[in-house]
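S.K.: give me a model of this one.
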Amino acid sequence: QVQLVEAGGGLVQAGGSLRLSCVASGRPFSIYTMGWFRQAPGKEREFVAAINWDGGSTDFADSVKGRFTISRDNTKNTVYLQMNSLKPEDTAVYYCATGMHSGLPGRTRHNYTYWGQGTQVTVSS
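M.R.: The predicted structure follows:
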């Protein structure tokens, strides 16, 4: 059974930074794409970033491009989301996700099968 456990959320002022982490277990980590999504109150869950199996390819939503980076450590079964220059509109629950792809599967949530429980990120103005 695949399990994803996120950590690193919290309260930060606008302009600040946070680093989220997600530890995966239950299947080989290093051959699958990992993604991050977020969901703000009253809104749909939206794509944030993804990284392919070896970290050689990444994708970002336009709203976070240039501010967020995604990386992975396959020796630790962990994917990271470094969030800089945070804005109040980044406030959301952030979810780690993975599926059955090794490459970048596109930004729809339906391409991802397994999800973490989420971690809250709140950015104050």
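S.K.: strands of this structure, start to end?
M.R.: With DSSP state E, the ranges of strands along the chain come out as 3-7, 10-13, 18-25, 34-39, 46-51, 58-60, 68-73, 78-83, 92-98, 114-115, 119-124.
S.K.: which one of those lies nearest to residue 108?
M.R.: Residue 108 lies closest, by C-beta to C-beta, to one member of these: strand 46-51, at 7.3 Å. Placement of C-beta: from N, CA and C, glycine included.
S.K.: how many neighbouring residues does residue 83 have?
M.R.: 26 (other C-beta atoms under 10 Å).
S.K.: residue numbering should commence at 37 henceforth.
M.R.: With the count now opening at 37, the last piece we talked about shows up as residue 119.
S.K.: bridging residues for it?
M.R.: Residue 119 has these beta-bridge partners by DSSP bridges: residue 54, residue 104.
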